[in-house]
Structures are given as structure tokens and as C-alpha cells.
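Student: Attaching a predicted model along with its sequence, questions to come.
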Amino acid sequence: MPIVNRIAAMQGDITAWRRDIHANPEVLYDVHRTAATVADKLKSFGCDEVVTGIGRTGVVGVIRGGRGNGRVIGLRADMDALPIEEFGNVPYRSTVAGKMHACGHDGHTAMLLGAAHYLAETRNFSGAAVVIFQPAEEGGAGGKAMVQDGLMERFRIEEVYGMHNYPGLPVGQFALRPGPMMAAADRITIEIEGRGGHAARPHVSIDTVLVGAQIINQIQSIVARNVDPLNAAVISICVFQAGSTDNVIPQTALLRGTARSLTPDVRDLLEKRLHEVVTGTAGLYGANAKLTYRRDYPVTRNHARQAAFAASVAAGVVGGERVNEDVAPVMGAEDFSFMLEARPGAFIFVGNGDSAGLHHPAYDFNDEAIPYGASYWVKLVETALPG
């Protein structure tokens, strides 16, 4: 069960689709061009149903097998780009200032389109394959929106599978694990109020820059000294806004960042200790600080049976020695987690080779990965839904 010959023959077309999407990036839910392109292609392939507007701008295609009724499985790809200016100089470089496909969602969409084309053409399976094209993975929780819009119930999806490219993993390799695969990601906002004043008279002010700096330092002790060293957690403060001139101690400061974890207990601990550390540290300096802790994406947790099945399918495409079935968890987050909370399934990484990292302005999806990813989708359907 190696790379599907028909998929290999389609690589040029799939690559062209990918590069067109790359050149025309759209972010969050504003993926109208991409969604329309996807819907038009699914219709041209002969999908039995093509439904738009699921989760605001998501697209769903239904492909029924050629051998009667059976189970229904969902295959998901994300469509949105990122608000990043592209550094690369490829011919298909982003034509939209400040936006680029820096996470490979263009490749994910194109590979699933290629698989949909093949499945609609051959229908060598029973039941139905539901191809899901999702908006707003990058911080907009488009996966949650589609689930809340009745995705699973409306299309009678029984299991759901996802895929993401992985820089650093060689092309032609896959990786996954049962259980927690990617972290929960929660958003932190800290509003600090002190007493503004002249930079020459700090003793009559309450310096919010100093308070913010001390809060950042103390926050790092939470992971270092409160979380069991055998568990994983990370807290990153990525925004520090205060002041507007060099001789005024600012009245207020704002910190923003994320807290990431792989278990419910650690997630609860991070939230509790952040409140205590932020309030207590600000109080030491006479300032007030308010923490807003918003639980965002949950842990992406693979179901054991479906993860083992996905690994076996990947091994059939590339060979068992090229599938890591126990890859280390990743502290990045994925809103496919919402779909895995709604239905059993599995998320898998496909190798992107020696590329720039995800969310880097020089990142580009590796088109050599296309035959592997698209073949995986095809074989997953034909193996899960035998005729």
C-alpha cells in the first residue's frame, strides 16, 4: 500500500492548487476566496454534497462510496493563513501585504482536495467520507465553531482525522502518539495600575514597568517550582506595553501571553498560581494587577484505537520504519482538539523536511510532501471503509 499512483500523477495539479492558495492568503474566518475555490473544486470532482457556511465560512464535501451503506468518517484540513509578512521570494509569494501561509494550511487544503478528487473518482469504499475544510484555526477556534454548528450530527460523522505538516521531520515520514499530542493553550492578560510620575521622582510614583518586569520574573517560577518536573508546562509573556515617552513613569502597563499544559491538573495549577503570583507581586510594590485567564484550545488528545489505526495506514504508505508511533508531545496547540472532544479520532504529523519553522516568515510548505499526505487520506478511507 505505497503512494497511490493516481495521486502521484496528480501531484502537479495539487501543487498548482496549493501555490494559488499560498499566493492569496486569508486569515481567520475571512477565507471567502479560499472557501469558494474549495467548494467549486469539490463540485467539479462530483462530490455528492457540497455545503458551505458551516462554522461561518467552513466547507464540507460528502463522498459516498460505491458499495452501499456503511460508516462515516471525517477528514479535516484548515484553510486560514497568518498575519505575517512573507520573507520568501518564490514565484507564488503572497500577494497580500501582511498575510502569508506560514503554517502550511495551503498544503493541508490542497492535499485533502487531491484525496477528495481521487475518492470521488474511484469510490472504492463503502459508507461515506466527509471532507472538512475549516476556517480560523490560527486563534479563531474555527474547529469549535464547526462543531457547534452541528458538523458531527448533520453529517453523521463517527470518527474524525486530522493532519499537520511538521518541519524537521523528513519528507516521507509520519509521526503521532496516543493520548495528549498537542497542548492546551490559554490566554493571559495582565492589567497593572500604579502611580504615574516624573522619571526623576520614582520615589513618589509606583513604577508599572518595574512591577511588570517583576511579575514576568516571578511567573517563571511557577513552572520551575510548582509544576512536577515530570509534567510539561510553559508560560510565555509575549507582550509588554507601557509608557510612551522616556521621562514619564507610566500609570498603567499591559502584559499578554499564553499558558500551555498537557493535563487538566497542570492546567488548573497554572491558572491558580498565576492569579496568586500576579496579585501578590503587584501588592509588594503598592500596585494593583488584574489577571484575566481565558481557557482557549483544549489538549489535542488522540484516541488510542484510532491512533493505532492511523499509524497502520501511514505505515502502509511509507513503511513501518518511517512512522514514529510515540512522538514526543508538542506544546503548540490545535483547534482540531474540539473535533476530537466531539468524536473519536487521531491527529498525525507528516514530514515537511528541512524547512523554516511554523509561523516563521520564511516558512514554505514542501510540495514533495503532497503525495504522502494525499495518499494517507485515500488509504485511510479505503481501509476504514472497505467495500
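Tutor: Now that the structure is in, tell me what you want to look at. Numbering: from 1, shown residues only.

Student: going forward, measure contacts and count neighbours with C-alpha atoms only.
Tutor: OK.

Student: Pass me the low-pLDDT residue ranges in this structure, would you?
Tutor: Residues of the chain meeting the criterion pLDDT under 70: 1.

Student: residues making contact with the lengthiest helix in the chain?
Tutor: If you go by DSSP state H, the chain has its longest helix at helix 264-284. Residues outside helix 264-284 that contact it (Cα atoms under 8 Å, 6 or more residues apart in numbering): 184, 190, 192, 211, 214-215, 218-219, 222, 227, 231, 233, 259-261, 288-291, 293.

Student: now the helices: where do they sit in the protein?
Tutor: Taking DSSP H, the helices of the chain run over residues 5-9, 11-23, 32-45, 105-122, 142-148, 151-154, 208-225, 264-284, 304-318, 336-342, 370-384.

Student: Report the distance from the longest helix of the chain to the chain centre.
Tutor: Put simply, helix 264-284 sits 27 Å off its chain's centre (Cα atoms, centre = their mean, to the nearest Å).

Student: what is the orientation angle of it with helix 208-225?
Tutor: Going by axes from the mean of the first three to the mean of the last three Cα atoms, to 10 degrees, helix 264-284 is angled at 150 degrees with respect to helix 208-225.

Student: can the helices of the chain go into CSV with extra columns for distance to residue 327 and mean neighbour count?
Tutor: Output for the helices of the chain, formatted as CSV (distance: least, Cα to Cα, whole Å; neighbours: other Cα atoms under 10 Å):
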stretch, distance to residue 327, mean neighbour count
helix 5-9, 27, 14
helix 11-23, 27, 20
helix 32-45, 32, 18
helix 105-122, 20, 25
helix 142-148, 24, 23
helix 151-154, 28, 16
helix 208-225, 23, 18
helix 264-284, 21, 17
helix 304-318, 12, 21
helix 336-342, 17, 23
helix 370-384, 18, 25
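
Student: could you dump the ones you listed to a markdown table with distance to residue 330?
Tutor: What follows is the helices of the chain, written out as a markdown table (distance: least, Cα to Cα, whole Å):
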| stretch | distance to residue 330 |
| --- | --- |
| helix 5-9 | 30 |
| helix 11-23 | 25 |
| helix 32-45 | 28 |
| helix 105-122 | 18 |
| helix 142-148 | 19 |
| helix 151-154 | 26 |
| helix 208-225 | 17 |
| helix 264-284 | 15 |
| helix 304-318 | 16 |
| helix 336-342 | 13 |
| helix 370-384 | 20 |
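
Student: tell me the centre residue of the chain?
Tutor: With distances taken as Cα atoms, centre = their mean, the residue of the chain nearest its centroid is residue 334 (3.5 Å).

Student: Contact partners for it?
Tutor: Residues in contact with residue 334 (Cα under 8 Å, 6+ apart) are 137, 182-183, 297, 299-300.

Student: Just the ones of those in strands?
Tutor: 182, 297, 300 (DSSP state E).

Student: Identify, from those residues, the entry nearest to residue 162.
Tutor: For the ones in strands among the contacts of residue 334, the closest approach to residue 162 (Cα to Cα) belongs to residue 300, at 10.6 Å.

Student: is it true that that closest one touches residue 185?
Tutor: No - counting by Cα atoms under 8 Å, residue 300 does not reach residue 185; the two are 10.1 Å apart.

Student: Spell out which residues are contacts of both of those two.
Tutor: In contact with both residue 300 and residue 185: residue 333, using Cα under 8 Å, 6+ apart.

Student: Just the strands from the stretch 51-200 of the chain, written as ranges.
Tutor: In the stretch 51-200 of the chain, the segments counted as strands under DSSP state E, counting those that start in this stretch are 58-64, 72-78, 128-134, 159-166, 174-175, 179-182, 184-193, 197-198.

Student: right, so of these, which gets closest to residue 4?
Tutor: Among the strands of the stretch 51-200 of the chain, strand 174-175 comes nearest to residue 4, with 16.3 Å by Cα to Cα.

Student: Can you give the distance of the closest one from its chain's centre?
Tutor: Taking the mean of its C-alpha atoms, strand 174-175 sits 16 Å from the chain's own mean (Cα atoms, centre = their mean).

Student: And stretch 353-360, by the same measure?
Tutor: Counting by Cα atoms, centre = their mean, stretch 353-360 comes out at 15 Å from the chain centroid.

Student: can you offset everything so residue one is 801?
Tutor: Shifting the count to begin at 801 puts that one at stretch 1153-1160.

Student: outside of that stretch, which residues touch it?
Tutor: By Cα under 8 Å, 6+ apart, stretch 1153-1160 touches 882, 884, 902-904, 966-971, 1162-1166.

Student: Among those, find me the one that's closest to residue 892.
Tutor: Ranked by distance to residue 892 (Cα to Cα), the contacts of stretch 1153-1160 are led by residue 1164 at 10.4 Å.
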